[in-house]
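Q: have a look at this prediction, sequence included:
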Amino acid sequence: MYVDHLSLTDYRSYPSVDVALTSGVTVFVGANGQGKTNLVEAIEYLSTLTSHRVASEVPLVRAGAEQAVVRAGVRAGLADDRRIVLEIEINPGRSNRARLNRSPLPRPRDIVGMLRTVVFSPEDLSVIKGDPAARRTFLDALVVNRWPRMAGVRADYDRILKQRNTLLKSMSGRHGPVDEYADATLEVWNNQLAAIGSELLEARLDTLADLMPHAAAAYAGIAPTNNVAVADYRASMDLAGARDRAGLTAALEAAMSERRADEVRRGVSLVGPHRDDVLFSLGELPAKGYASHGESWSFALSLKLGAFELLRADGIEPVLVLDDVFAELDVTRRERLAAGVIEAEQVLVTAAVGADVPAVLAGRRFRVAAGEVREEAGDE
């Protein structure tokens, strides 16, 4: 899978830009603030409807414009001539619109999964050093990459959670006898949260188990050491060995029943996938708080390399995006990362300094400056 053309209108810093792309390696070189990351971020957004840089859609639209449009031609693969055109219209404060081959899709999220990407960026360090939300986001993104329909499951879970929290907050402010209607409504939300939450939880557990052998092998290659990269899923309730959907549903229902008084008192949902975490460790010690900066970077990169290999094992050839990562690495880690991604059908690299990109990733090179994207011939 690879992108053969990218067109942006009023996206970030670009009033309009068109870039013809090919399979293999493409490097965008430019000083900070010139817009090189905007190009690869747009491809990521078209793939996932998310950005690794911001949580809001507002910054994605050029200042003064009402909407942004991202359009890309996507080839099925090197040995497959099939081509589709994907388009997303970003309308902050209003509904976005998605199109496939110029035809509207019923919902924007229906576009998710038609283009698969794995993005490496400096923000990846937060998966190791940051809060639990960063690890949940990483794992959920990989879940959706494997099974695009899980984007809908994740959205349904967030909707149910919001409704349940609103009810719990209203119940926490009441005095006197329990409102029977509120109590019955809470039971309905409990059942829905358990049903949808167990599906998300099952997908997370399966994906983490499938990911870590690939990630551990990648870590051993990037940072040869006696320490093995491992992960332990830390659920917000006792799973009691439950791994199938029915067992996880029962565990969630039991946990909500047990914590009911606390949840009503505090007015918030205290159990469920939204409260879970992943403990990443090197050997016997947690990476967060114990790993050095270099070890943390190696672990973060290994998780992304592991995600790439897992998707390939699933029969998916994702587009790889390396966004300003080489400047963060020493020469040895640069070379080992490059060696781990060179087999991808398409690798898109951004760098402020072209010399930071390992020679093995030599390919087409574009200079990005003052809103223009211009292909260069030969080396810098």
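A: Now that the structure is in, tell me what you want to look at.

Q: show me what the lowest-mean-pLDDT helix or strand in the chain is in contact with.
A: Among the helices and strands of the chain, helix 331-341 carries the lowest confidence by mean pLDDT, DSSP states H and E, at a mean of 88. Contacts of helix 331-341 with the rest of the structure, by C-beta atoms under 8 Å, 6 or more residues apart in numbering, involve 120, 218, 221-223, 294, 297-298, 301, 305, 308, 320, 322, 325-326, 329, 347, 356-358, 360-361. Any C-beta I mention is one placed from the backbone N, CA and C, and that applies to glycine too.

Q: could you list which of those belong to strands?
A: Using DSSP state E, the members of these that fall within strands are Phe120, Leu320, Leu322, Val347.

Q: got a markdown table for those, with pLDDT and neighbour count too?
A: As requested, the ones in strands among the contacts of helix 331-341 are arranged in a markdown table below (pLDDT from 0 to 100; neighbours: other C-beta atoms under 10 Å):
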| residue | pLDDT | neighbour count |
| --- | --- | --- |
| Phe120 | 92 | 26 |
| Leu320 | 95 | 23 |
| Leu322 | 94 | 26 |
| Val347 | 96 | 22 |
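
Q: relative to Ile43, how far out is Leu78?
A: Using C-beta to C-beta, to the nearest Å, one obtains 18 Å as the distance from Leu78 to Ile43.

Q: more neighbours, those two?
A: Between Leu78 and Ile43, counting by other C-beta atoms under 10 Å, Ile43 is the more crowded of the two (23 against 13).

Q: residues contacting that one?
A: Applying C-beta under 8 Å, 6+ apart as the definition, the contact partners of Ile43 turn out to be Val3, Leu6, Val70, Ala72, Leu115, Thr117, Val319, Val321, Leu348.

Q: how many neighbours does the third one have?
A: Burial of Val70 is recorded as 22 neighbouring residues (other C-beta under 10 Å).

Q: tell me the secondary structure for it?
A: Judged by DSSP: H, G, I helix; E, B strand; the rest coil, the three-state class of Val70 is strand.

Q: isn't it up against Arg12?
A: No: under the criterion of C-beta atoms under 8 Å, Val70 lies out of contact with Arg12, with a separation of 10.1 Å.

Q: which neighbours do these two share?
A: Taking C-beta under 8 Å, 6+ apart as the contact criterion, the common neighbours of Val70 and Arg12 are Ala42.

Q: low-scoring stretches of this structure, by residue?
A: 175-178, 378-380 (pLDDT under 70).

Q: touching, Ala231 and His214? I think so.
A: No: using C-beta under 8 Å, Ala231 and His214 do not qualify as a contacting pair, with a distance of 11.6 Å.

Q: and the residue positioned nearest the centre of the chain, what helix or strand is that in?
A: Among the residues of the chain, the one closest to the centroid is Ala141, at 3.6 Å (C-alpha atoms, centre = their mean). Taking DSSP states H and E as the definition, Ala141 sits inside helix 132-146.

Q: show me what that helix is packed up against.
A: In this structure, helix 132-146 packs against helix 36-48, helix 125-129, helix 150-172, helix 180-222, strand 277-282, helix 293-313, with contacts taken as 3 or more C-beta pairs under 8 Å, 6 or more residues apart in numbering; DSSP states H and E.

Q: quick check, the residue nearest to the centre of the chain in contact with Thr50.
A: Yes: contact status for Ala141 versus Thr50: in contact at 7.3 Å, counting by C-beta under 8 Å.

Q: can you turn the buried part of the contacts of helix 331-341 into a ChimeraX selection?
A: In ChimeraX, a selection of the buried entries from these looks like this (16 or more other C-beta atoms under 10 Å):
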select :120,218,222,223,297,298,301,305,308,320,322,325,326,329,347,356,357,358,361
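
Q: which residue sits closest to Asp179, ignoring its sequence neighbours?
A: Nearest residue to Asp179, sequence neighbours excluded (C-beta to C-beta, 6 or more residues apart in numbering): Met171, at 7.2 Å.

Q: my guess is the one you found contacts Ala261. True?
A: No: using C-beta under 8 Å as the test, Met171 is too far from Ala261 to be in contact (10.8 Å).

Q: between these two, which has more neighbouring residues?
A: In terms of neighbours (other C-beta under 10 Å), Met171 is the more surrounded of Met171 and Ala261; the figures are 18 against 8.

Q: about what we covered before: buried ones in the helix holding Ala141?
A: For helix 132-146, burial by neighbour count (16+ other C-beta under 10 Å) applies to 134-146.

Q: that concludes my questions; thank you for your assistance.
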